[in-house]
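Asks: What follows is a predicted protein model with its sequence.
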Amino acid sequence: MARGPGRLALVLVLAAVLAPAALLAQVYRWTDERGTVHIADDLNQVPEAYRAQVERMARGLGGGIQGPDTVPGPSGGRALGTSERWRGRTLAEWQSDLRDPAARTRAAALSALAFYGAAAVPALTLALRDPDPQVRVSAARGLGQVGPDAAEAVTALGQGLRDSEPRVRFDAAVALGRLGPAARDAVPALGRALSDPAGEVRVGAALGLAGMGPAARGVLPGLVQALRDGNPVLRMSAASALGSIGPEARPAVPALLGALRDANTSVRTSAASALGSIGPAAREAVPELRRLAESDRAQDFDTPARDAVLRQKEGVLRQELRVAARDALRQIEGR
């Protein structure tokens, strides 16, 4: 049997094939040896050398992102008390590592601090100004893990969208999305980040906006433009963000209707879900949604028969699309 990274990659592929449809909405992130962040919607797009360190970020079809897989935290997902121990150390003891000269040690301490919730927010916020980019990445991820209780860090995370390192900008954007509507003041900055020169940052901006709900309505034009980007992950994320806005995203219906014919199945699924979230105002999409709900034959899947895993995965993705189209029809038609 295969061992090491190859075996892990096989397990992840099979998990994607066998998982329920709702779990297939994934964004995969990995960082290469130069520190460049890469994003994909298919594990097979991740170079084999990086599959052992790939992060799966679950994307909700109705908008938003759950964030990367992390080391399991306290039971029930609760924040630790300041005197409680995580891996044998208290909050104060982890904070002492932030003065360590080794960037790796500081980054590890920030990852641990996130389990202490609001009590760790001041230290995490301050670390967004650390001279080492990986430490700043860990700080942004930690604040995202804390979630809405990190609302006081919104300004600092907004400044992180202008960081010199694209990977920091990406994680700042995703963290703002995990803070949700509590970070609504950052919506204009996230809208500008949709035009960032780094592709991964544009994806992060769309993911961040997907967590804002109706508060993201002020950047509708930017999200509509993102539906035409060459990166399918960005198109998928932009559609999810439009869906999170709800009925107020009515001006985006024509663009989402076009996205129902996208070459990428996951983009079509996100567009269908978004149209359902818009509701009766998206009635013009009913004929196309009805066609997709019955059978999605707009794009022929021509992977050779020998690629059975890929073929099976695409079949499951098509089923996810049909389910999303049926749900959208019920929402639009009031059933």
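Replies: Okay, I see it. Numbers count the residues shown, from 1 in each chain.

Asks: How about the secondary structure of the nearest residue to residue 118 once chain neighbours are set aside?
Replies: If the residues on either side of it in the chain are set aside, residue 118 comes closest to residue 149, at 4.2 Å by CB to CB, 6 or more residues apart in numbering. C-beta here means a position set from N, CA and C on the backbone, and glycine is covered the same way. Classification of residue 149 by DSSP: H, G, I helix; E, B strand; the rest coil places it in helix.

Asks: burial of residue 149, as a residue count?
Replies: Residue 149 is flanked by 16 other residues according to other CB atoms under 10 Å.

Asks: cool, and residue 196?
Replies: 19.

Asks: where's the spatially closest residue to it that is not a sequence neighbour, which helix or strand?
Replies: For residue 196, ignoring the flanking residues on the chain, the nearest one in space by CB to CB, 6+ apart is residue 202 at 5.3 Å. Here residue 202, judged by DSSP states H and E, is contained in helix 199-210.

Asks: Going by neighbour count, list what's buried in the next helix or strand after that helix.
Replies: Heading C-terminal from helix 199-210, the first helix or strand you meet, by DSSP H and E, is helix 220-226. Neighbour-count burial for helix 220-226, counted by 16 or more other CB atoms under 10 Å, picks out 220, 222-224, 226.

Asks: Which one of those residues is nearest to residue 166?
Replies: Using CB to CB, residue 226 is the member of these that sits closest to residue 166, with 16.9 Å.

Asks: Excluding chain neighbours, give the residue nearest to that closest one in space.
Replies: Closest to residue 226 by CB to CB, 6+ apart is residue 238, at 3.7 Å.

Asks: any idea how far that neighbour is from residue 180?
Replies: From residue 238 across to residue 180, the span is 18 Å (CB to CB, to the nearest Å).

Asks: do the same with residue 192
Replies: 20 Å.

Asks: number of nearby residues for residue 228?
Replies: 12.

Asks: so what's it up against?
Replies: The contact partners of residue 228, taken as CB atoms under 8 Å, 6 or more residues apart in numbering, are 235, 255.

Asks: Quick one: mean pLDDT for stretch 277-295?
Replies: Confidence over stretch 277-295 (mean pLDDT, whole number) is 93.

Asks: So which bits of that stretch are buried?
Replies: For stretch 277-295, burial by neighbour count (16+ other CB under 10 Å) applies to 277-279, 281-282, 285, 288-289, 292-293.

Asks: Residue 243 is in contact with residue 214, correct?
Replies: No - between residue 214 and residue 243 there is no contact under CB atoms under 8 Å: 11.2 Å.

Asks: Neighbour count for the two, which is higher?
Replies: Legend: neighbour count by other CB under 10 Å for residue 214 and residue 243, higher for residue 243 (27 against 14).

Asks: Remind me which helix or strand the closest residue to that one other than its chain neighbours belongs to.
Replies: Closest residue to residue 243 apart from its sequence neighbours, by CB to CB, 6+ apart: residue 274 at 3.1 Å. Assessed by DSSP H and E, residue 274 sits inside helix 265-278.

Asks: what distance separates that helix from the centre of its chain?
Replies: Chain-centre distance of helix 265-278: 16 Å, with CA atoms, centre = their mean, to the nearest Å.

Asks: try stretch 182-193
Replies: 16 Å.

Asks: just stretch 123-140 next, same as before
Replies: 20 Å.
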